[in-house]
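>>> Have a look at this prediction, sequence included:
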Amino acid sequence: MSPVWIAGGAIGGLAGAFLLSQVLSVMVSRRMFRAQESRAEGSPLIGKPAPECTLRTLDGREVSLSELRSRIPGQALIVNFWATWCAYSKREMPWLAQLREQYREEGFEVLGIVTDGASEDKVRQVTGRYDVRYPILRSNPKAEEAWGGVAYLPASFYINRWGRVVLEATEASSMTDIEREIRRTLAAGGN
């Protein structure tokens, strides 16, 4: 057997394995988003006030979630936990950035919470690549615990205008999924 034939077979096998991994990844992410969406009724955070926690800005200043919400009273919000290494987080970022701009005038905001220990430069590099203009804060173990442990990334919590969690979702499969939930959150009743 010629070396070209063996190399071609190896490359073909790698390409097939990569394609299969991508297909499975999309299928799993769609299933996970639907699973999180369908279990929302059973989530301990649904219907409750958004958990209080203290986070840090990229420049190191401490800020509480209630302090941030007081700056944007009456707005619906997505609290999005993400990581610089997470491909799904990076896939959602441009969608969140675009939808934030689209629904901002209707009273909608996004708050990004980076969960890894990446440098400020790395975080700014990633957010800059996706034209992210929403606030980015650093997570900590207490904050993640307050939000239920944040088992999957990206994890988004949809908060209505009255500060109550209305949905917990992970790995949205499309911008349309996120937009649908933003509309529901903006329309959600209060107390």
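All right, it came through fine.

>>> And the strands in the protein?
54-57, 62-64, 76-82, 108-114, 136-138, 155-159, 165-170 (DSSP state E).

>>> can you put those strands in CSV and add distance to residue 180, mean neighbour count and mean pLDDT?
Yep, even glycine has a C-beta here, placed from its N, CA and C like the rest. As requested, these are exported to CSV (distance: least, C-beta to C-beta, whole Å; neighbours: other C-beta atoms under 10 Å; pLDDT from 0 to 100):
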stretch, distance to residue 180, mean neighbour count, mean pLDDT
strand 54-57, 28, 16, 90
strand 62-64, 30, 12, 88
strand 76-82, 13, 25, 94
strand 108-114, 13, 23, 94
strand 136-138, 24, 20, 92
strand 155-159, 11, 24, 94
strand 165-170, 10, 22, 92
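
>>> I'd like those laid out as JSON lines, including distance to residue 97.
Shown next, in JSON lines, are the strands of the chain (distance: least, C-beta to C-beta, whole Å):
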{"stretch": "strand 54-57", "distance to residue 97": "18"}
{"stretch": "strand 62-64", "distance to residue 97": "21"}
{"stretch": "strand 76-82", "distance to residue 97": "11"}
{"stretch": "strand 108-114", "distance to residue 97": "8"}
{"stretch": "strand 136-138", "distance to residue 97": "11"}
{"stretch": "strand 155-159", "distance to residue 97": "14"}
{"stretch": "strand 165-170", "distance to residue 97": "17"}
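
>>> do you know which of these lies nearest residue 48?
strand 165-170 (5.9 Å; C-beta to C-beta).
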